[in-house]
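1. sequence below, structure please.
(2 chains)
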Amino acid sequence: MRGGGIFYAGAVAILIAGYAAAASGINDYYFYAAYIVLQYVVIATAWNILGGYAGYVNFGSAGFYAVGAYTAAILYQLVKPPLVVMILGGGIAAGVIGLAAGYLTLRVKGVYFAIATLALAVVLETIVANWDYVGGTRGTYVLRPHHAFGFVNYPRALFFAMLVLAIGSVVLARVIERSKLGRGLAAIRDDEQAAESSGVPTLRLKLFAATLSGALMGVAGAPFPYYVSHLEPGSAFSLAIAVNAIAMPMIGGATSWVGPVIGALLLGGAQQIATVTISSILNLLIVGLLLIGFVIFAPDGLVGLFRKLRR
Amino acid sequence: MLDLLANAIVTGLLLGGFYAAVTIGLSIAFGFLDIVNIAHPGFVLLGAFAAWVLNATWGIDPILAGLMLTPLFFAGGAAIFRVYHVSFERRGAAGLRGLAFFFGVLFLTEVALILLFGADYRAVNLPYLETMIGLGPVAVPLRLLLPFAVSLVMFAALQLAFDRTFLGRAIKAVAQDPVALRLMAADPVRIKEIAFGIGIATASVAGALLVTIAPVDPSMGRDYIGRVFAIAVLGGLGSLTGTLLAAIALGVAESVTSTLYGPSWSPAVAFGALLIALVLRPSGLLGR
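-> So this is what the prediction gives:
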């Protein structure tokens, strides 16, 4: 496989560079900001496995993310397990919801899955807001552990954990994209009936993609309680996640693993810089306008624009 | 207890009539034109805030304000259809990108409303709305009865227009057989543009009814998404009578649930109805 060596060498190099940075004396602020950007790499990549590869739109990303975050918070209240267990638990819970939503709606036309995910996020938020065990609308407190895996403080450890998750999900997406599974998903996106009649097990592939995509979103949300210390429905089900999950892959380019990464780094980075100068809601307005602008004028995203220029 | 239940059912009936007004624009776009306009609740919220502004500034009755604004909403809807048609429909990319487009529009309406009005609740204060009207064993406020009546009138008018006029019949036919429509010397794109405009124009009236019934805040649009799609799908796409019946059924189910288990669970009813609609829908059962 051409370019595979370079890709994996790059992934390892980024991991080492990230570790070195976290161990160095760089200001803590950068790790807080980088954590959010990396979290968006995971979310955008997760969205793209179903949305970009198979063409099924998930509008409820914030719901899956919040399921991961709240599962972690519940595990914390029950047994205070290690971070790895919280991440796994969040991923499994969100994956199960992805599978259930997919099982109920993926058999009919794609738009119904999209509509169901939109409504799903609203219902999950209703349940969490009414659930006293996790603090209802007031939210719940989660105290960070004292040991920080050898780093100076816990936010640096969280940054490194998110870096590992981001690289892991990009590697996973790239492997899927180049496998038989990825070609099956692409066939579904291009012409589902043709794919079905040439023997692609469309329903099974769609369910697999929906489960994996949901699980990765849950994984992205699981460390969030430690990041914020105080988890409440407003921040877990945030508008920013709902729109960024779609905007980042669409702006980057939804057909390959590169697109969501570029979209997340550019858009996420720009938002982190912009929050210093403009209000967060104005920030979201710009993301919404960019999303509309790109789907109209550059349907294949930045990757598509780049390819057109090179030709 | 029986009185309480009777009250819940009557309230639900009235609420359901109002839900029909919120949904009819979506039924036109989704059912007749095959356009999945998930932004429709956003336009309803825009209508609600526009009616609130006219009421707060000049003291115009909100429902009158909603009617006054219909031409503006019609023009806005027609313009949005033009963009949608040129960018997605004509390129054959209505699926993923069209959905993302309408999601962006929905998102923008909410963010724009937050920027303009803040996240606070806005309400119209009209003393006459608190008048109670006796209906058998129960008494209902005019605040609910008036929107119900306006919604029914709007429904009847649209139903009549779709059944009796050439334009109305053309709208019903446009998604099924655009070629035949062309042979009748009607331009399918123009017909769709008008129909989509009418759909958005109903959002202006529905928004005015919404702000008449209860205070509004910018994030309410999201609560209505599950509801309107549940109604549109359950009612059977392309049938306005079905939409009305499904809306009333959902209104009653929500109202009874909220009386028995508490109001915070009513969004779950809409979601349950949506799931049932998606699972039981004919194309879902037959089309694997």
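2. the helix or strand containing residue A:306 near chain B anywhere?
-> Here residue A:306 sits within helix A:301-310, counting by DSSP states H and E. No. Using C-beta under 8 Å from any C-beta of the partner chain, helix A:301-310 stays clear of chain B, coming no nearer than 10.9 Å. Just so you know, the C-beta spots here come from the backbone N, C-alpha and C atoms, and that holds for glycine as well.
3. which residues are contacting that helix?
-> For helix A:301-310, contacts defined as C-beta atoms under 8 Å, 6 or more residues apart in numbering or on different chains pick out A:249-256, A:258-259, A:262-263, A:266, A:294, A:298, A:300.
4. quick check: mean pLDDT of it?
-> Across helix A:301-310, pLDDT averages out at 87.
5. quick one: distance of it to the chain centre.
-> Distance of helix A:301-310 from the chain centroid (C-alpha atoms, centre = their mean, to the nearest Å) equals 24 Å.
6. which of the contacts of helix A:301-310 fall in strands?
-> In strands, defined here by DSSP state E, there are no members of those.
7. can you select the buried ones among the residues you listed for me in PyMOL?
-> One line in PyMOL is enough to select the buried ones among these; burial here means 16 or more other C-beta atoms under 10 Å in any protein chain shown:
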select buried, chain A and resi 249+250+251+252+253+254+255+256+258+259+262+263+266+294+298+300
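8. let's see the pLDDT reported for the most centrally placed residue in chain A.
-> Central residue of chain A (C-alpha atoms, centre = their mean): residue A:43, 0.9 Å from the mean position. We have a pLDDT of 96 for residue A:43.
9. for the host helix or strand of residue B:226, packing partners?
-> Under the criterion of DSSP H and E, residue B:226 resides in helix B:220-234. The contact analysis (3 or more C-beta pairs under 8 Å, 6 or more residues apart in numbering or on different chains; DSSP states H and E) places helix B:220-234 against helix A:110-129, helix B:2-26, helix B:40-58, helix B:96-117, helix B:240-261, helix B:266-280.
10. adding mean pLDDT, distance to residue B:230 and mean neighbour count, write those helices out as CSV.
-> Below are the helices and strands packed on helix B:220-234 laid out as CSV (pLDDT from 0 to 100; distance: least, C-beta to C-beta, whole Å; neighbours: other C-beta atoms under 10 Å in any protein chain shown):
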stretch, mean pLDDT, distance to residue B:230, mean neighbour count
helix A:110-129, 84, 8, 23
helix B:2-26, 90, 9, 22
helix B:40-58, 94, 12, 24
helix B:96-117, 90, 17, 22
helix B:240-261, 89, 6, 20
helix B:266-280, 77, 4, 20
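11. turn these into TSV, including distance to residue A:207.
-> Formatted as TSV, the helices and strands packed on helix B:220-234 follow (distance: least, C-beta to C-beta, whole Å):
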stretch	distance to residue A:207
helix A:110-129	11
helix B:2-26	28
helix B:40-58	29
helix B:96-117	19
helix B:240-261	29
helix B:266-280	15
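12. so which of these gets nearest residue A:202?
-> helix A:110-129 (11.3 Å; C-beta to C-beta).
13. is there contact, residue-wise, from that closest one to chain B?
-> Yes. Helix A:110-129 lies within reach of chain B by C-beta under 8 Å from any C-beta, at A:110-112, A:114-116, A:118-123, A:126-127, A:129.
14. closest to residue B:62 among the residues you listed?
-> Nearest to residue B:62 among the residues of helix A:110-129 next to chain B is residue A:122, at 25.8 Å by C-beta to C-beta.
15. how about the strands in the stretch 51-200 of chain B?
-> When secondary structure is read from DSSP state E, counting those that start in this stretch, the stretch 51-200 of chain B shows strands at B:132-135, B:138-141.
16. same thing with the stretch 1-150 of chain A?
-> In the stretch 1-150 of chain A, the strands defined using DSSP E, counting those that start in this stretch lie at A:140-141.
17. ignoring the adjacent residues along the chain, who's closest to the residue in it that chain B sits nearest to?
-> Using C-beta to the nearest C-beta, the closest approach of the stretch 1-150 of chain A to chain B is made by residue A:119 at 3.2 Å. Spatial nearest neighbour of residue A:119, excluding adjacent residues (C-beta to C-beta, 6 or more residues apart in numbering or on different chains): residue B:226 at 3.2 Å.
18. how many residues are close by that neighbour?
-> 27 (other C-beta atoms under 10 Å in any protein chain shown).
19. residues touching residue A:111, list them.
-> B:36, B:95, B:99.
20. adding distance to chain A, write these out as a markdown table.
-> Output for these, formatted as a markdown table (distance: C-beta to the nearest C-beta, whole Å):
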| residue | distance to chain A |
| --- | --- |
| B:36 | 5 |
| B:95 | 6 |
| B:99 | 5 |
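21. circling back to that earlier point, avg pLDDT for the helix holding residue B:226?
-> Per-residue pLDDT over helix B:220-234 has a mean of 85.
22. if you rank every helix and strand of chain A by mean pLDDT, what lands last?
-> Within chain A, no helix or strand scores below helix A:269-277, which has a mean of 82 by mean pLDDT, DSSP states H and E.
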